[in-house]
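Chemist: Task: produce atomic coordinates for the following.
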Amino acid sequence: MMKLSTSLSSLLAILSLGSVTVLGQSTNLNDVAKSAGKLYFGTETDAGTPEMSDSQFVALASNSAMFGQITPGNSFKWDSTEPSQGQFSFTLADELAAFAEKEWSNSSRYERLLRHHFLHRIFNNVYILGHNCVWYNQLPSWVSSGGFDSATLTQILQDHVTTVVSHFTGQIQLGCSQRTFQRRWNAAFIRLPDTLGQSYIDIALQAARAADPNAKLYINDYNIEGSGAKASAMLSLVQDLKSRNIPLDGIGLQGHFIVGELPSDLQSTLEAFTALGVEVAYTEVDIRMTLPETDALLEQQQKDYQTVVAACMAVENCVGVTTWASWIPTTFSGQGDALPWDENFQTKPAYDGIVAALG
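Modeler: Presented below is the predicted three-dimensional model:
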């Protein structure tokens, strides 16, 4: 989710296992993260995607010592869950949940989790994070082009959030967060802010809380990882929501970075949010480089991954880090190699940077 805008998004996971070696990787990130006091180290994938037919990827993604959380890339988004008005489908979302239940069912030791977190289902202490309820870029056309008035759109939003959250209540702790600030509103993509104004945030969060009072609700956004106008606007939004008792439990900072271009104030930005009484997490981390890769770029990427994870480690209420696995087999606009694994799912120097920060 690299676009700026409005959405209802995602977060969280955990598991404990003995040391497991997958593809020659003997240091398991989730185990190390938990030992260091965090809730999880996670990854993203989804049902029906090419990587899920790749045995190497499945071995990596299903190693619960490596990943204690999994974020679905698309199967929880509005165009998947309600492609036609009032007609809901959870085929892909349920398929991913079944994958988690199957692949992580042989965990050797379990922990009883005493906390409930935003948008997760626990399978042997592994979270699935429902990502996301609403996002401007993958709305079905009946929403984006419906021309609904305020009252009708309010009811549509309430019905959608309530149905999605209720489907997973008691299974996935499914909450909704929305990416709120954008450089420009694009009516071709999203009608919610055009029609409802900022009240759509209240409507969505309140509907999610009513559908599942135990869910933790996050706002998830990008370009808020360092100080600036957008981060300031998000801080103001958090303050406003809290002052009016609108339910909000956390902020997800996506973490789509470029090698050598990290904000210099990652930790203090996390602390600014937690000071307002919310949790934080890095939810979609990738650090891309302009291709082809070089030894110098790989070295810098290692330092950058270490810096990002270290920022979370330094903040008590930063609960975890999730990497965005869709970058593994692909590049984007001449950029790529954004993850700690290469196209053959072997670790890169960035992996060592993560381990160093977690340790």
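
Chemist: got any ranges where the stretch 1-150 of the chain has weak pLDDT?
Modeler: 1-26, 100-128, 136 (pLDDT under 70).

Chemist: quick one: the strands in it?
Modeler: Along the stretch 1-150 of the chain, counting by DSSP state E, counting those that start in this stretch, strands occupy 7-8, 40-45, 69-72, 120-123, 126-128, 134-135.

Chemist: Wait, T283 touches G255, no?
Modeler: Yes - counting by CB atoms under 8 Å, T283 does reach G255; the two are 7.0 Å apart. C-beta: built from backbone N, CA, C; applies to glycine.

Chemist: When the two are compared, which one has more neighbours?
Modeler: More crowded of T283 and G255, by other CB atoms under 10 Å: T283, with 32 against 24.

Chemist: Tell me, please, where in the stretch 201-350 of the chain the pLDDT is lower than the cut-off.
Modeler: 327-329.

Chemist: now the closest residue to A314 other than its chain neighbours: how far from C318?
Modeler: Nearest non-adjacent residue to A314, counting by CB to CB, 6 or more residues apart in numbering: Q267, 5.1 Å away. Q267 sits 9 Å away from C318, going by CB to CB, to the nearest Å.

Chemist: Identify the contacts common to the two.
Modeler: A311 (CB atoms under 8 Å, 6 or more residues apart in numbering).

Chemist: Counting neighbours around each, name which of these two comes out higher.
Modeler: C318 (24 against 17).

Chemist: check contacts around A311.
Modeler: A311 touches 266-267, 270, 318, counting by CB under 8 Å, 6+ apart.

Chemist: From T330, how far off is it?
Modeler: 27 Å.

Chemist: ditto for L96
Modeler: L96 is 20 Å from T330, by CB to CB.

Chemist: who's more crowded, these two?
Modeler: The residue with more neighbours, out of L96 and T330, is L96; 25 against 11, by other CB under 10 Å.

Chemist: Touching, the more buried one and D46? I think so.
Modeler: Yes - in this structure, L96 is within contact of D46 by CB under 8 Å, at 6.1 Å.

Chemist: Excluding covalently adjacent residues, which one is nearest to L139?
Modeler: W78 (5.3 Å).

Chemist: neighbours around that neighbour, how many?
Modeler: Neighbour count for W78, taken as other CB under 10 Å: 23.

Chemist: and if you look at P213?
Modeler: Neighbours of P213 using other CB under 10 Å come to 10.

Chemist: what kind of secondary structure is it in?
Modeler: Following DSSP: H, G, I helix; E, B strand; the rest coil, the label given to P213 is coil.

Chemist: and the gap between it and E261?
Modeler: 41 Å.

Chemist: Same question for A350.
Modeler: 15 Å.

Chemist: between the two, who's got more neighbours?
Modeler: Counted by other CB under 10 Å, A350 and E261 do not tie: A350 has more neighbours, with 26 against 10.

Chemist: who's in contact with the more buried one?
Modeler: A350 neighbours (CB under 8 Å, 6+ apart): 287, 298, 301-302, 304-305, 339-340.

Chemist: Can you get me a residue count around the nearest residue to G353 once chain neighbours are set aside?
Modeler: Leaving out its chain neighbours, the residue that sits closest to G353 by CB to CB, 6+ apart is Q306, at 3.5 Å. Q306 has 20 neighbouring residues, counting by other CB under 10 Å.

Chemist: which element is Q306 on?
Modeler: Assigned by DSSP states H and E, Q306 falls within helix 295-313.
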